[in-house]
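S.K.: this is a predicted model, with the sequence first.
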Amino acid sequence: AEIAMHRAKKSPSQRVQFFASEFGDQVLHRQALIHGLKTAVENHQLQLYFQPQFDRLRRNTGFEALLRWHHPLLGAISPTEFIPLAEETGLILKIGDWVLEQAVEALKRWSDQGFMGRIAVNVSALQLHDPGLADRISRQLSRFEVGAQQLELEITETALMEDVERAMATLNRFREQGLALAVDDFGTGYSSLAYLKSLPVSRIKIDRTFVTGLPHNEQDQVLCNTIITMAHNMGCEVIAEGVETEAQANWLVLAGCDELQGFLLGKPRLAGFQSEVDPDTA
């Protein structure tokens with residue numbers, strides 16, 4: 001009865017739920033994931049993969065750091081499954097600090113090899129509302145002697161809108177530190193243009209859901225054109241994620257999109273910048 005009640009509370013439309021045996025299985029699976037995630041954090045079982053980003057001429061400009069978890073028994077767990085659990089349990093704060101440390105350490109290592117681009121790291125709503133986050137990032141940058149402009153923080157529209165005033169205060173602190181800021185998954189949330197125009201961001205990321213239908217879907221064409229034009233008028237650059245075909249890439253470049261990211265140009269890999277200078281792949 002309690003499980004059915006919680007499902008009813010979480011459902012936006014079905015306010016009445018009957019218990020079924022698979023509900024219990026789902027709860028047990030969820031509890032196993034939470035326990036496994038705690039163990040993964042404590043035993044450093046999480047990994048960072050890096051997906052390259054490119055400009056219109058397909059020159060590598062940076063990487064996005066993507067979190068991956070391979071459960072010892074369940075195998076690879078999708079981020080869409082374990083990230084919400086991490087946020088719900090508060091583990092995202094500890095995980096987020098680890099991700100930022102790993103990203104800054106990678107920047108130091110790559111910079112010593114000649115890398116001049118950036119690494120983009122996703123920041124959750126819970127992290128964004130943590131008053132100590134800006135100071136911790138500053139300490140990491142000083143510790144590894146990395147320039148703030150090489151670290152980009154990606155914040156989703158949903159995270160920004162949860163507590164606008166607190167988010168704005170944190171973003172302004174980030175900007176004062178010289179960090180690059182981007183709005184991730186743009187167009188999928190419910191952000192207000194009144195707030196968006198005052199956000200101290202330098203890049204807007206077009207969500208993959210709008211890229212998938214290109215170049216043939218007229219609605220996707222209109223939406224992408226609108227986002228690109230609006231972002232440029234606000235002084236922001238635009239990067240599109242989920243680019244998987246040459247047709248999509250060509251359409252976006254002709255539409256004025258500044259950068260591209262997707263399987264067409266490069267899949268997430270552990271090596272990151274090192275793969276670019278690997279003699280076996282050069």
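M.R.: In hand now; what should we look at?
S.K.: show me where pLDDT drops low in the stretch 101-250 of the chain?
M.R.: Counting by pLDDT under 70, the stretch 101-250 of the chain shows low-confidence ranges at 188-196.
S.K.: residue boundaries of the strands in it?
M.R.: With strands called from DSSP state E, counting those that start in this stretch, the stretch 101-250 of the chain shows them at 118-123, 151-156, 180-186, 203-206, 237-240.
S.K.: mean confidence score for stretch 54-73?
M.R.: Mean pLDDT, stretch 54-73: 93.
S.K.: same question, stretch 254-274
M.R.: For stretch 254-274, the mean per-residue pLDDT is 93.
S.K.: buried set for it?
M.R.: Buried residues in stretch 254-274, counted by 16 or more other Cβ atoms under 10 Å: 255, 257-262, 264-266, 268, 272-274. In short, each C-beta sits where N, CA and C put it, glycine included.
S.K.: stretch 220-227 too?
M.R.: 220-221, 223-224, 227.
S.K.: now swap in stretch 77-88 and tell me
M.R.: 77, 82-83, 85-87.
S.K.: let's have the strands of the stretch 101-250 of the chain in JSON lines, adding mean neighbour count and distance to M168.
M.R.: Shown next, in JSON lines, are the strands of the stretch 101-250 of the chain (neighbours: other Cβ atoms under 10 Å; distance: least, Cβ to Cβ, whole Å):
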{"stretch": "strand 118-123", "mean neighbour count": "24", "distance to M168": "14"}
{"stretch": "strand 151-156", "mean neighbour count": "23", "distance to M168": "11"}
{"stretch": "strand 180-186", "mean neighbour count": "22", "distance to M168": "11"}
{"stretch": "strand 203-206", "mean neighbour count": "25", "distance to M168": "17"}
{"stretch": "strand 237-240", "mean neighbour count": "25", "distance to M168": "21"}
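S.K.: helix, strand, or coil at G62?
M.R.: strand (DSSP: H, G, I helix; E, B strand; the rest coil).
S.K.: again, but for A76
M.R.: A76 ends up strand, using three-state DSSP.
S.K.: quick one, what contacts it?
M.R.: Going by Cβ atoms under 8 Å, 6 or more residues apart in numbering, A76 touches 68-70.
S.K.: what do you get for D163?
M.R.: Listed by Cβ under 8 Å, 6+ apart, the contact set of D163 reads 125, 129.
S.K.: kindly recompute the last result at 6 Å.
M.R.: Residues in contact with D163 (Cβ atoms under 6 Å, 6 or more residues apart in numbering) are H129.
S.K.: most centrally placed residue in this protein?
M.R.: The C-alpha lying nearest the average C-alpha coordinate of the chain belongs to N122 (Cα atoms, centre = their mean; 3.7 Å).
S.K.: surely that residue is in contact with E152?
M.R.: No. Look at N122 against E152 with Cβ atoms under 6 Å: they stay out of range, at 10.0 Å.
S.K.: about what we covered before: redo the buried residues of stretch 254-274 as CSV? Include secondary structure and distance to L48.
M.R.: Below are the buried residues of stretch 254-274 laid out as CSV (DSSP: H, G, I helix; E, B strand; the rest coil; distance: Cβ to Cβ, whole Å):
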residue, secondary structure, distance to L48
A255, helix, 31
C257, coil, 26
D258, coil, 25
E259, strand, 20
L260, strand, 21
Q261, coil, 16
G262, coil, 19
L264, coil, 22
L265, coil, 19
G266, coil, 15
P268, coil, 9
G272, coil, 8
F273, helix, 13
Q274, helix, 13
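S.K.: between which two of the residues you listed is the distance greatest?
M.R.: A255 and Q274 (32.7 Å; Cβ to Cβ).
S.K.: tell me the angle the helix or strand harbouring A65 makes with strand 151-156.
M.R.: Here A65, judged by DSSP states H and E, is contained in strand 60-71. Angle of strand 60-71 versus strand 151-156, following axes from the mean of the first three to the mean of the last three Cα atoms, to 10 degrees, is 60 degrees.
S.K.: so the closest residue to Q127 other than its chain neighbours versus S124, what's the distance?
M.R.: Nearest residue to Q127 in three dimensions, chain neighbours excluded: G96, at 4.6 Å (Cβ to Cβ, 6 or more residues apart in numbering). As judged by Cβ to Cβ, to the nearest Å, G96 and S124 stand 6 Å apart.
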